[in-house]
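In: Kindly return the folded structure for what I paste below:
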Amino acid sequence: MLRKFIGVAIAASLALFLTACNKQEEPVGEKAAAPAKTYTLRLAETWPPNFPIFGDATQKFASMVDTMSNGRLTVRIDSKNKHKAPLGIFDMVKSGQYDMGHSGSYYWKGKDPNTLYFTSMPFGMTTPEQYGWFYYGGGLELMQKVYTRHGILSFPGGSTGNQMGGWFQKEINSLEDLQGLKMRIPGFAGEVLAKLGAKPTNIPAGELYTALERRTIDALEWVGPSLDLRMGFHKIAPYYYTGWHEPGTELQFMINQKVYESLPADLQEILRVAMMAASYDMYARSYHESAENWASIKKEYPDVQIKTFPKEVLDAMRQANEELLAERAAADPLAREIIESQKNYMVKARAWTAISDQAYLNSLGD
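Out: Predicted structure coming up:
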């Protein structure tokens with residue numbers, strides 16, 4: 001028994017000795033790495049579940065974030081059916097109820113009037129011009145100047161391109177036809193129409209068809225062929241007008257500033273790059289879908305009448321727009337800074353647009 005005990009003790013001692021030797025000889029840096037910390041961000045979007053194009057942009061954004069971060073950062077998306085507040089995204093991100101949001105900046109004019117300028121402005125920049133302004137002309141810095149006052153960062157979130165002027169149940173032949181016209185139209189364009197006697201309102205996407213069908217409103221603008229035909233507006237409003245109010249409509253990604261700043265630098269950069277890529281992808285998709293659906297309008301929906309607003313009406317809209325901009329600039333130094341920045345950039349960019357894209361299209365004679 002003693003011999004057996006001694007043998008076991010010797011074996012145990014040898015094992016401990018070898019283990020100690022192995023630990024001493026283990027090179028520095030070959031210890032098992034600690035598992036990487038993971039993060040989850042909750043994003044609330046204004047759109048219904050699986051909403052085409054807009055909702056696709058958020059899904060692609062989340063997928064890119066997951067892939068580029070190798071699973072360290074996950075974005076969980078709640079559509080309006082989940083959070084029940086399609087036009088409450090600003091407050092939810094500001095309060096920290098949600099970390100991120102996807103919506104339209106001009107929805108928040110009641111929270112801060114200076115948010116109006118970062119979606120699209122009547123008679124303003126086209127999408128390529130506006131992207132130039134955002135990324136290289138100081139636009140993004142001005143947007144952060146507005147949003148950081150509310151503890152939010154805002155980034156371009158996808159463009160629809162030039163939007164159509166809307167679906168009308170009666171033809172617009174003069175300024176008199178705008179008097180008392182109840183129209184769903186958000187942003188600065190709504191203020192322009194209000195100045196001309198119309199009654200603008202804002203209604204979430206899921207309620208638009210019913211409002212038009214029940215004559216709660218007389219007209220509405222939504223996007224363009226990329227989404228309008230899916231919504232069925234052509235069935236209840238025969239007049240489809242060309243645009244003036246949103247020549248380059250840009251959605252937005254919002255993120256709570258404290259949440260963003262709490263992330264490691266590489267994850268901040270992954271978010272920024274994924275937002276930019278998702279935004280450009282949405283613009284390409286919107287353009288493609290609009291081209292496809294526009295081609296089908298005449299063939300499949302011959303009763304739709306494509307109209308352009310009379311010159312008298314367009315001239316009055318432009319004048320009202322200029323007067324409103326002048327009033328805003330005079331009343332608010334930050335508004336003046338944004339308005340002047342957009343105006344100055346558009347003068348420069350439009351000169352190039354005229355001699356490049358516009359001159360090329362004019363030369364075709366089609």
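In: Paired strands for the strand ranked longest in the chain, with orientation please.
Out: Across the chain, the longest stretch assigned as strand under DSSP state E is strand 152-161. Strands adjacent to strand 152-161 in the sheet, as given by DSSP bridges, are strand 249-256 (antiparallel).
In: returning to what we had before: after the longest strand of the chain, which helix or strand is next?
Out: As assigned by DSSP states H and E, the chain's next helix or strand after strand 152-161 is strand 166-168.
In: So the residue nearest to Leu193 when sequence neighbours are not counted, which state does it fall into?
Out: Leaving out its chain neighbours, the residue that sits closest to Leu193 by CB to CB, 6 or more residues apart in numbering is Pro200, at 5.2 Å. C-beta coordinates here come from the backbone N, C-alpha and C atoms, glycine included. Secondary structure assignment for Pro200 (DSSP: H, G, I helix; E, B strand; the rest coil): strand.
In: from the chain's centre, how far out does the longest strand of the chain sit?
Out: With CA atoms, centre = their mean, to the nearest Å as the basis, strand 152-161 stands 4 Å off its chain's centre.
In: what's the helix or strand harbouring Tyr360 packed up against?
Out: Per DSSP H and E: Tyr360 is located in helix 359-364. Here helix 359-364 touches no other helix or strand, going by 3 or more CB pairs under 8 Å, 6 or more residues apart in numbering; DSSP states H and E.
In: thinking again about what came up before, ok, and for the longest strand of the chain, which residues are buried?
Out: Across strand 152-161, burial judged by 16 or more other CB atoms under 10 Å covers Ile152, Leu153, Ser154, Phe155, Pro156, Gly157, Gly158, Ser159, Thr160, Gly161.
In: give the contact list for the fourth one.
Out: So that's Phe155. Leu140, Met143, Gln252, Phe253, Met254, Ile255, Arg272, Met275, Met276, Ser279 (CB atoms under 8 Å, 6 or more residues apart in numbering).
In: Check whether the second one really touches Ile152, as I assumed.
Out: So that's Met143. No. Counting by CB atoms under 8 Å, Met143 stays clear of Ile152, with 10.1 Å between them.
In: can you map out the helices along the chain?
Out: For the chain, helices defined by DSSP state H occupy the ranges 2-25, 54-68, 80-83, 89-95, 127-136, 139-147, 187-195, 208-213, 225-231, 257-262, 265-300, 311-331, 333-353, 359-364.
In: which residues touch the second one?
Out: Contacts of helix 54-68 with the rest of the structure, by CB under 8 Å, 6+ apart, involve 43, 45-49, 73-77, 79, 102, 157-158, 251, 253, 270-271, 273-275, 277-279, 281-282, 285.
In: at 7 Å what do you get?
Out: Residues outside helix 54-68 that contact it (CB atoms under 7 Å, 6 or more residues apart in numbering): 43, 45, 47, 73-75, 77, 102, 157-158, 251, 270-271, 274-275, 277-278, 281-282, 285.
In: do the third one as well
Out: Contacts with helix 80-83, where a contact means CB under 7 Å, 6+ apart, come from Ala44, Thr46, Trp47, Pro48, Pro49, Pro86, Met92.
In: 6 Å instead, please
Out: The contact list for helix 80-83 (CB atoms under 6 Å, 6 or more residues apart in numbering) reads Ala44, Pro48, Pro49, Pro86.
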